[in-house]
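Trainee: Predicted model and sequence follow; I will ask about them next.
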Amino acid sequence: MNAAAAPVEVPKSENLVEIRGLHYAVGRRPVFSGLDIDMRRGRITAIMGPSGTGKTTLLRLMTGQIAPDSGEIIVDGLNLRTLSRSQIFQLRRRMGMLFQSGALLTDIDVFENVAFPLREHTDLPERLIRHIVLTKLHAVGLRGAAQMLPSELSGGMARRVALARAIVMDPDILIYDEPFAGLDPISMGVILRLIRQMNDALGITSIVVSHDVQELSTIAHETYLLAEGRVVASGSPEELHANTSDIVRQFMNGMADGPVPFHFPAPDYSTQLLARGERRRTPRGEQ
């Protein structure tokens with residue numbers, strides 16, 4: 001049996017993740033049409049955009065869960081298009097993921113949730129696993145909750161446990177998918193502080209996907225605003241706030257009217273209402 005081919009490496013740069021000319025469609029609906037993004041090492045990169053612009057899809061592409069139609073995604077010098085399945089799994093071990101829902105395992109306690117990646121991917125002795133788990137729980141302020149079940153946690157506590165699990169393997173890249181969703185202001189402030197502290201203390205590269213403009217403005221080094229399948233603006237939060245583009249102003253200021261429409265594309269309203277014979281509902285009992 002032949003050994004798996006060595007992954008093709010490209011010259012490494014200051015960018016840990018580079019996306020070039022990315023195209024991806026679902027059926028006939030394009031999601032990305034020539035997307036270009038750089039994510040610098042040791043920095044917090046924010047990905048923002050209106051709902052339905054493909055932010056979570058971008059994360060799935062970056063982690064090799066789905067493949068682009070064309071274009072390249074390069075992670076630490078490795079082109080994802082050249083990697084085998086096992087090589088992609090190996091690369092994922094260098095990534096930590098904080099899911100939007102937290103995604104804690106409900107039948108085991110907090111300690112075992114955080115320990116789960118270590119038990120699955122390492123042969124570390126139990127004493128060392130205990131030390132690592134307690135250290136990560138202490139980092140998020142929840143060492144005292146180690147024996148609690150997920151059902152006993154508040155929403156903010158559950159998100160912090162999920163963060164401890166995301167960093168337990170000491171990843172190079174930490175990905176946050178809508179980390180502020182459903183949190184009260186205090187819990188949100190805690191998560192914001194932890195994102196910045198984890199990035200600075202661990203020297204990792206953080207990628208935060210969210211539509212919470214004000215929150216991201218306090219922690220992001222660079223921000224990309226996605227719309228219409230491409231990057232419509234990028235730069236520091238201050239630069240985006242100063243951008244005069246109509247679509248950027250609409251998103252950054254939360255304006256209801258603007259280039260991003262309220263209505264999904266549909267036929268002319270009056271014509272569709274007056275049309276006859278469309279979507280005729282079969283009366284009950286009629287075969």
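Mentor: That came in fine, so what should we check first? The structure displayed is predicted, hence computed values, not measured ones.
Trainee: Count the neighbours of Gly49 for me.
Mentor: 22 (other Cβ atoms under 10 Å). For every residue, glycine as well, the C-beta is placed using N, CA and C.
Trainee: Quick check: beta-bridge partners of the residue nearest to Ile44 when sequence neighbours are not counted?
Mentor: What sits nearest to Ile44 in space, not counting adjacent residues and going by Cβ to Cβ, 6 or more residues apart in numbering, is Ser206, at 4.4 Å. Beta-bridge pairing for Ser206 (DSSP bridges): Ile44, Leu174.
Trainee: for the residue nearest the centre of the chain, what are its contacts?
Mentor: Centre of the chain computed as the mean C-alpha position; nearest residue by Cα atoms, centre = their mean is Asp177, 3.4 Å away. For Asp177, the contacting residues are Thr56, Leu59, Met97, Leu98, Phe99, Gln100, Val209, by Cβ atoms under 8 Å, 6 or more residues apart in numbering.
Trainee: Swap in 7 Å and give it another go.
Mentor: Listed by Cβ atoms under 7 Å, 6 or more residues apart in numbering, the contact set of Asp177 reads Thr56, Leu59, Leu98, Phe99, Gln100, Val209.
Trainee: Pull the most distant pair out of these.
Mentor: The span of the contacts of Asp177, defined through Cβ to Cβ, is set by Thr56 and Leu98 at 12.7 Å.
Trainee: Could you check which of the two is surrounded by more residues?
Mentor: The neighbour comparison of Thr56 against Leu98 (other Cβ under 10 Å) goes to Leu98, with 25 against 13.
Trainee: what about the more buried one, distance to Met169?
Mentor: Distance of Leu98 to Met169, computed by Cβ to Cβ, to the nearest Å: 13 Å.
Trainee: Equivalent analysis for Leu163, please.
Mentor: Separation of Leu163 from Met169 (Cβ to Cβ): 13 Å.
Trainee: Among the two, which residue is more densely surrounded?
Mentor: When neighbours are counted by other Cβ under 10 Å, Leu163 and Met169 differ, and Leu163 comes out ahead with 26 against 18.
Trainee: The more buried one reaches Val140, doesn't it?
Mentor: Yes - judged on Cβ atoms under 7 Å, Leu163 makes contact with Val140 at a distance of 5.5 Å.
Trainee: Need the overlap of contacts for those two.
Mentor: The contact lists of Leu163 and Val140 share Leu194, where a contact means Cβ under 7 Å, 6+ apart.
Trainee: picking that back up, name the nearest of the contacts of Asp177 relative to Val190.
Mentor: Among these, and counting by Cβ to Cβ, the member closest to Val190 is Leu98, at 13.3 Å.
Trainee: Tell me which residues touch the closest one, please.
Mentor: Leu98 neighbours (Cβ under 7 Å, 6+ apart): Ala162, Leu163, Ala166, Ile175, Tyr176, Asp177, Pro179.
Trainee: beta partners of it?
Mentor: With DSSP bridges as the rule, Leu98 is bridged to Tyr176.
Trainee: measure it to Ser154 for me?
Mentor: 16 Å.
Trainee: What of Thr205?
Mentor: Taken as Cβ to Cβ, the span from Thr205 to Ser154 is 29 Å.
Trainee: neighbour count winner among those two?
Mentor: Counted by other Cβ under 10 Å, Thr205 and Ser154 do not tie: Thr205 has more neighbours, with 24 against 11.
Trainee: wait, isn't that one in contact with Arg43?
Mentor: Yes - using Cβ under 7 Å, Thr205 makes contact with Arg43 at a distance of 6.4 Å.
Trainee: can you list the domains in the chain?
Mentor: 7-94+174-182+197-279, 104-170 (automatic domain parsing).
Trainee: Check what pLDDT Val31 gets.
Mentor: The predicted local distance difference test score for Val31 is 90.
Trainee: repeat for Arg130
Mentor: Looking at Arg130, its pLDDT reads 93.
Trainee: Where does it sit, in terms of helix or strand?
Mentor: According to DSSP states H and E, Arg130 maps onto helix 126-139.
Trainee: tell me which residues of that helix are tucked away?
Mentor: Ile129, Ile132, Val133, Leu134, Lys136, Leu137, Ala139 (16 or more other Cβ atoms under 10 Å).
Trainee: And it, how far out from the chain middle?
Mentor: Remark: helix 126-139 is offset 26 Å from the chain centroid, using Cα atoms, centre = their mean, to the nearest Å.
Trainee: what about this protein, any weak spots by pLDDT?
Mentor: For the chain, applying pLDDT under 70 flags the ranges 1-12, 247-248, 251-266, 268-269, 276-287.
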